[in-house]
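Student: How does the following fold in three dimensions:
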Amino acid sequence: MIPVALSPDRLRLGLAGTGPAALRRLRALREAGAAPLVFSPAPDAALTAEAGASLRVALPDEAALGELHLLWIAGLPSEVFAPLAAAARRLRVLVNVEDEPQHCDFHAVAEIRRGDLLLTISTGGAAPGLAGTIRRHLEGCFPAAWAGHVREAAALRQTCRAEGASMPETARRIARLADDACWFTCPKPD
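Tutor: From the prediction side, this is the model:
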């Protein structure tokens, strides 16, 4: 696995699916700042309401696929997702088929968001339940206050840059800030 963090505003993203799985994925993508096109051959009321104007009541054709960089597929049966994923790959679109790791070019990760801080956990699709368990444990180690910590560290970084401090010196000053402020406390898991 190669971990990366993608800028959703620089990519064209698509979601093809139906039901609760598609709705969960849409919400996760939007929470990450993405505005994917949503393709569903039979959207239910919840997906229709959530997708709004981004909904296309059909699966993506080759023209629509050719406009995408990444495609998530959720809630579709294998006889539907397999040819769709193959068509996307022919057009060099990266594909994730939820709960089908053997059909994925990339895997969704368990994540914790605290402002600009993003922590991710992955098992490469092998054990998503374990990734979720680890995420729940780490949420206690990185409470909501970390959003402010990141802003404080970013401000210190800008100060260091304005002073002409080297990258290693800047890193030392940020580490000292975190240590002096006791940012790292991790409660025992339940």
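
Student: Could you use CA atoms for every contact and neighbour count after this?
Tutor: Will do.

Student: Go ahead and flag the most central residue of the chain.
Tutor: Computing the C-alpha centroid of the chain and ranking residues by CA atoms, centre = their mean puts residue 32 first, at 5.8 Å.

Student: What ranges in the chain fall below the confidence cut-off?
Tutor: 187-190 (pLDDT under 70).

Student: which residues touch the helix ranked longest in it?
Tutor: Longest helix in the chain, counting residues (DSSP state H): helix 146-163. In this structure, residues lying in contact with helix 146-163 by CA atoms under 8 Å, 6 or more residues apart in numbering are 114-117, 166, 170, 174, 177, 183.

Student: Among the residues you listed, which one sits closest to residue 125?
Tutor: Ranked by distance to residue 125 (CA to CA), those are led by residue 117 at 22.8 Å.

Student: got the residue ranges for the helices in the chain?
Tutor: Applying DSSP H to the chain gives helices spanning 19-31, 45-51, 62-66, 78-90, 128-141, 146-163, 167-180.

Student: Include distance to residue 10 when you put those helices into JSON lines, please.
Tutor: As requested, the helices of the chain are exported to JSON lines (distance: least, CA to CA, whole Å):
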{"stretch": "helix 19-31", "distance to residue 10": "14"}
{"stretch": "helix 45-51", "distance to residue 10": "20"}
{"stretch": "helix 62-66", "distance to residue 10": "16"}
{"stretch": "helix 78-90", "distance to residue 10": "19"}
{"stretch": "helix 128-141", "distance to residue 10": "27"}
{"stretch": "helix 146-163", "distance to residue 10": "23"}
{"stretch": "helix 167-180", "distance to residue 10": "28"}
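
Student: Would you agree residue 14 is in contact with residue 67?
Tutor: No: Residue 14 lies out of contact with residue 67 (CA atoms under 8 Å); the separation is 9.3 Å.

Student: Neighbour count for the two, which is higher?
Tutor: Counting neighbours by other CA atoms under 10 Å for residue 14 and for residue 67 shows that residue 14 has the greater number, 27 against 14.

Student: who's in contact with that one?
Tutor: Contacts of residue 14 by CA under 8 Å, 6+ apart are 36-39, 68, 70-72.
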